[in-house]
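J.: Mind folding the following:
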Amino acid sequence: MKKSLTLAVTGSVLIGLLAGCGAAGSSTGNSSSASPGAKTEKVSLKATVLTDDLETFKAAYADFSKENPNIDVQFETIPQAQYYEKLRMQLSSGENIDIFGGNMDVFLDTGILEPLDDYVKKANVDVSGYGPLFDSLKVNGKIYGLPYRKSNWMLFYNKTLFDQAGVAYPKADMTWNEFRDLAKKMTKGEGANKIYGAFLHPWAQTWYMQGVQTGASIIDKDLSPFKKGLQFRMDMEKDGSIMGWAEQITTSAHYNSAFQKGNVAMNLIGDWHVAQLRQAEAEKKISFDWDVVPVPHPDGVAANTSLATPVSLMVNKSSKHKEEAFKVVEFMSGAKGAKQFAAKGFLTGYINDDIRKTYIGDGSQKPKNIHYFVEQKEYPEYPLLPGVKNILVGNVYKQEGEMALTGAQTVDQAIQKIGQRVQSEWADKYAKDYKAGK
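T.: Below is the predicted model of the structure:
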């Protein structure tokens with residue numbers, strides 16, 4: 001899922017990054033047919049990207065244009081709340097958009113994604129920098145997008161609260177049971193002054209991640225690995241160490257405001273929270289000290305095993321300049337583009353030692369242990385297939401999990417119903433046509 005600070009945008013923002021840029025999708029010649037050393041004509045491309053990424057693409061494009069002076073790119077963005085719906089409509093109506101960014105699974109069922117396997121092979125792209133993400137992005141054995149950044153989960157903690165309580169900070173290698181014990185130890189008080197040991201946002205991911213950490217998938221036929229996670233959340237609510245789901249909903253409790261209030265010891269959330277806390281510090285909204293450690297893990301699972309959601313660049317199958325479009329995708333999602341995104345605080349899809357150093361920075365900014373983000377073993381938060389996010393994550397797992405959390409059904413009943421609904425609402429429609437991985 002995309003969970004980042006959304007910039008307020010009242011309309012589509014068009015940025016012509018090179019003076020004299022021609023109309024999107026048009027050109028005065030075809031550079032792909034020119035021989036090396038020959039004078040090439042300019043090609044104009046149109047790209048639509050997420051609002052939060054626009055300025056970084058602009059900075060990276062300045063470098064790209066030096067190496068590829070024959071390729072002009074006009075960038076467009078759409079307000080976050082409308083982004084995917086409007087972009088799907090534009091692409092389906094045949095609008096001349098050559099390149100676009102976002103969660104790849106949203107576009108797979110449109111038939112507008114150009115398979116990139118041949119382009120990757122022809123350009124001899126070093127895919128090792130993407131790690132396991134590269135294969136996890138494959139659908140039916142083909143690659144349809146390259147990840148330029150990603151979102152990963154981490155455990156944030158309030159160092160000041162731990163210091164005041166005289167309790168040791170969370171460990172980098174901590175099981176879920178140890179996390180539960182630590183949360184109980186840090187919980188004290190009542191009412192408005194209560195200190196909660198932890199905060200688990202009411203997303204289904206906060207309980208089903210325990211199953212995913214073992215390598216299970218939320219579309220598996222056997223969903224028994226997810227029972228422990230749901231039961232675990234219910235047990236923590238009974239402990240009183242986290243705010244109950246019902247109270248979170250009735251009070252509109254949010255992970256960011258809850259943690260910034262200063263009465264939550266540990267916050268299980270994603271890398272985007274770093275930017276939120278840095279901004280709060282800059283605006284002097286918080287004064288406590290904070291840091292991060294890897295998310296807790298099940299017994300038998302390696303420390304710093306987390307969930308990741310890649311954000312990719314894709315090429316429109318109807319583009320008249322696919323080779324040039326792929327050059328942009330290759331640059332932005334590769335080492336050179338990744339360095340620009342890492343410098344802005346984004347976790348990148350492509351990682352090497354230089355990019356790690358850029359992301360970690362010079363140590364002048366919190367969190368002190370930011371290096372854990374670039375040392376993780378990652379599993380996809382959900383399979384990147386059509387309908388999984390909207391149907392399963394946003395509805396089935398959410399709804400049945402909530403029924404269990406409110407006492408309307410047992411954990412066993414919830415998991416059983418989830419399995420039935422995965423089959424009837426998703427698998428019957430999509431499973432025969434889409435398979436994740438290589």
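J.: so is residue 46 in a helix, a strand, or just coil?
T.: Secondary structure assignment for residue 46 (DSSP: H, G, I helix; E, B strand; the rest coil): strand.
J.: For it, the count of nearby residues, please.
T.: 24 (other CB atoms under 10 Å). (Each C-beta comes from the backbone N, C-alpha and C, glycine too.)
J.: If it is in a bridge, with which residues?
T.: residue 74 (DSSP bridges).
J.: ok, for residue 180, nearest residue in space, not its chain neighbours?
T.: Spatially, and ignoring its direct neighbours in sequence, residue 180 is nearest to residue 236 (6.0 Å; CB to CB, 6 or more residues apart in numbering).
J.: quick one: that neighbour and residue 198 touch, right?
T.: Yes - between residue 236 and residue 198 a contact is recorded at 7.1 Å, counting by CB atoms under 8 Å.
J.: okay, and the common contacts of the two?
T.: 183, 242 (CB atoms under 8 Å, 6 or more residues apart in numbering).
J.: just to revisit the earlier point, which residues touch the residue nearest to residue 180?
T.: Per CB under 8 Å, 6+ apart, neighbours of residue 236: 180, 183, 198, 200, 242.
J.: mean confidence for the longest strand seen in the chain?
T.: With secondary structure taken from DSSP state E, the chain has its longest strand at strand 146-158. Strand 146-158 shows a mean pLDDT of 97.
J.: Give the other helices and strands that it contacts.
T.: helix 133-136, strand 266-270, helix 272-282, strand 290-293, strand 305-315, helix 322-333, helix 335-343 (3 or more CB pairs under 8 Å, 6 or more residues apart in numbering; DSSP states H and E).
J.: how many neighbours does residue 67 have?
T.: Residue 67 has 10 nearby residues by other CB under 10 Å.
J.: give the contact list for it.
T.: residue 331.
J.: And the pLDDT at it?
T.: So, for residue 67, pLDDT stands at 97.
J.: ok, back up a step: that's a strand at the residue nearest to residue 180, yeah?
T.: No - counting by three-state DSSP, residue 236 is not part of a strand but helix.
J.: Next one, pLDDT for it please.
T.: For residue 236, pLDDT reads 98.
J.: Check the spacing between it and residue 266 real quick.
T.: 11 Å (CB to CB, to the nearest Å).
J.: got it, and residue 197?
T.: Residue 197 sits 7 Å away from residue 266, going by CB to CB.
J.: which residues are common contacts for these two?
T.: Between them, residue 197 and residue 266 share the contacting residues 182-183, 186, judged by CB under 8 Å, 6+ apart.
J.: In three-state terms, label the spatially closest residue to residue 226 that is not a sequence neighbour for me.
T.: Among residues not flanking residue 226 along the chain, residue 211 sits closest, at 4.0 Å (CB to CB, 6+ apart). Of the three states, residue 211 takes helix under three-state DSSP.
J.: isn't residue 211 right up against residue 230?
T.: No - under the criterion of CB under 8 Å, residue 211 makes no contact with residue 230, lying 9.1 Å away.
J.: need the strands for this structure, in chain order.
T.: With DSSP E as the criterion, the chain has strands spanning 13-16, 43-49, 71-77, 99-102, 146-158, 199-200, 266-270, 290-293, 305-315, 377-380.
J.: Can you lay out those strands as a markdown table showing distance to residue 57?
T.: A markdown table is the format used below for those (distance: least, CB to CB, whole Å):
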| stretch | distance to residue 57 |
| --- | --- |
| strand 13-16 | 9 |
| strand 43-49 | 5 |
| strand 71-77 | 6 |
| strand 99-102 | 8 |
| strand 146-158 | 9 |
| strand 199-200 | 33 |
| strand 266-270 | 21 |
| strand 290-293 | 27 |
| strand 305-315 | 9 |
| strand 377-380 | 24 |
